[in-house]
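> The sequence isn't on hand, but the structure is:
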């Protein structure tokens, strides 16, 4: 095989990415908690693109498999308290993913927006950048550290702070991208290959929350929405294959 052609084929579309993981995708179907098999699958795919494509990967996990702050608030709990519980759920998911990655030999650091020095580093932008430069996966836990902001917004903020080139938004339950209607309810729903930020906001398409969408638009950070649980999708996206929906 021609070496030059091989190197070109292996060159990733983006070199530094933020992978936004749905908390629900990490849970056991219908039960919540943490599905160790799913976490292992994701760790294998992240390790692959780091080691074989040279991509710097930062991860922002959700916590919906363990707790949803908005739900607690809707049931009468103090909203700030409920959101802090949700942040702790993202830390649990982060630690589970770190364990899975390190068992594969992938150096990983968890940085938390809530200080908990016995289990994670405090979030420090420059330290995170150095970790990524050294080939380590960095997992950003506890969202932004502030109530009333989702982990979608945290992913957008961290992407801008670490100079990521794209946010890869992983969905679950077989949803392969952004549709013009709910594909679970409308069999005629059509998936977009590409959609602009303006159209996402005008049509209220379910990509990320509106704060995150506006932030990505203003900072020119594209988003790829894809089925997180389809094996090989992460690598295929980084190889430039038409997977999911590109927003931007």
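Alright, I've got the coordinates. From a predicted model like this one, the values you see are computed outputs, not experimental measurements. Residues are numbered from 1 along each chain as shown.

> CA atoms for contacts and neighbours, from now on please.
Will do.

> low-confidence ranges in this protein?
By pLDDT under 70, the low-scoring segments of the chain are 1-10.

> For it, which segments count as strands?
16-21, 56-61, 108-112, 121-122, 137-141, 166-171, 194-195, 223-227, 245-247 (DSSP state E).

> what separates the lengthiest helix in the chain from the chain centre, distance-wise?
Criterion DSSP state H: the longest helix present in the chain is helix 79-103. Chain-centre distance of helix 79-103: 13 Å, with C-alpha atoms, centre = their mean, to the nearest Å.

> And stretch 67-80, by the same measure?
With C-alpha atoms, centre = their mean, you get 23 Å for stretch 67-80.

> how long is that stretch end to end?
13 Å (C-alpha to C-alpha, to the nearest Å).

> Next, count neighbours for residue 83.
Residue 83 has 27 neighbouring residues, counting by other C-alpha atoms under 10 Å.

> show me what contacts the residue nearest to it when sequence neighbours are not counted?
Counting by C-alpha to C-alpha, 6 or more residues apart in numbering, residue 83 lies nearest to residue 69, which is 4.3 Å off, once chain neighbours are set aside. Residue 69 is in contact with 79, 82-86, counting by C-alpha atoms under 8 Å, 6 or more residues apart in numbering.

> how close does residue 69 sit to residue 141?
15 Å.

> Name the nearest residue to residue 141, ignoring sequence neighbours.
In space, residue 141 is closest to residue 112, 4.6 Å off (C-alpha to C-alpha, 6+ apart).

> any idea how far that neighbour lies from residue 23?
16 Å.

> In stretch 66-75, which residues are buried?
66-70, 72 (16 or more other C-alpha atoms under 10 Å).

> quick one: the residue most central in space within the chain and residue 73, what's the gap?
Among the residues of the chain, the one closest to the centroid is residue 20, at 0.8 Å (C-alpha atoms, centre = their mean). According to C-alpha to C-alpha, residue 20 and residue 73 sit 24 Å apart.

> partners of the residue nearest to residue 116 when sequence neighbours are not counted in the sheet?
Once flanking residues are discounted, residue 116 sits nearest to residue 122: 7.2 Å by C-alpha to C-alpha, 6+ apart. Beta-bridge partners recorded for residue 122 (DSSP bridges): residue 112.

> Residue 122 contacts residue 114, doesn't it?
Yes: assessed by C-alpha atoms under 8 Å, residue 122 is found in contact with residue 114 at 7.0 Å.

> For this structure, just list every one of the helices.
Taking DSSP H as the criterion, the chain carries its helices at 3-10, 36-53, 69-74, 79-103, 125-133, 151-161, 197-202, 210-218, 233-238.

> Can you add distance to residue 171 and give the ones you listed back as TSV?
Below are the helices of the chain laid out as TSV (distance: least, C-alpha to C-alpha, whole Å):
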stretch	distance to residue 171
helix 3-10	25
helix 36-53	13
helix 69-74	19
helix 79-103	16
helix 125-133	24
helix 151-161	12
helix 197-202	17
helix 210-218	16
helix 233-238	11
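
> if we compare these, which one ends up closest to residue 174?
helix 233-238 (12.2 Å; C-alpha to C-alpha).

> rewinding a little: give me the contact list for the longest helix of the chain.
So helix 79-103 is contacted by 23, 26, 34, 36, 39-40, 43-44, 47, 61-64, 66-70, 72-73, 107-110, 112, 139-143, 145-148 (C-alpha under 8 Å, 6+ apart).

> What subset of those is buried?
By 16+ other C-alpha under 10 Å, the contacts of helix 79-103 give 23, 26, 34, 39-40, 43-44, 47, 61-64, 66-70, 72, 107-110, 112, 139-143, 145, 147 as buried.

> Just read off the phi/psi values of residue 117.
The phi and psi torsions at residue 117 (degrees, to the nearest 10) take the values phi -60, psi -20.

> so how many other residues sit close to residue 196?
13.

> and it, what is it in contact with?
247-248.
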